[in-house]
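Participant: Predicted coordinates and the sequence they were generated for:
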Amino acid sequence: MQKLTYRILLRKEPEGGYTVLVPALPGCITYGKIIEEAIKMAKEAIELYLESMIENGEEIPTEEGA
């Protein structure tokens, strides 16, 4: 299986923690209390997002297509 890499954006929230956005995967958003947790949650969210796309027969986006 090809390894895919996606850019993530971390947004520090005023109430604490970090919201994570994956620009190449619309709607793929998660949260972590600290940066390390946010990155870990992003990896999990990306995996689940892509699994859902594969199950639904959708084309997997790449960073180049973002």
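Facilitator: Noted; the coordinates are in hand.
Participant: helix/strand/coil for residue 11?
Facilitator: Secondary structure, DSSP: H, G, I helix; E, B strand; the rest coil: residue 11 is strand.
Participant: any idea how far residue 61 is from it?
Facilitator: Residue 11 sits 21 Å away from residue 61, going by C-beta to C-beta, to the nearest Å. All C-beta atoms are positioned from the backbone trio N, CA, C, and that covers glycine.
Participant: Comparing those two, which shows the higher neighbour count?
Facilitator: A side-by-side neighbour count of residue 11 and residue 61, using other C-beta atoms under 10 Å, places residue 61 first with 18 against 12.
Participant: Wait, that one touches residue 27, no?
Facilitator: No: using C-beta atoms under 8 Å, residue 61 is not in contact with residue 27; the gap is 11.8 Å.
Participant: Confirm that residue 31 sits in a helix.
Facilitator: No: judged by three-state DSSP, residue 31 forms no part of a helix; its state is strand.
Participant: distance of it from residue 53?
Facilitator: Shown here: residue 31 relative to residue 53, a distance of 21 Å by C-beta to C-beta.
Participant: Repeat that for residue 27.
Facilitator: From residue 27 to residue 53 the distance is 11 Å (C-beta to C-beta).
Participant: More neighbours: the two, which one.
Facilitator: residue 53 (14 against 8).
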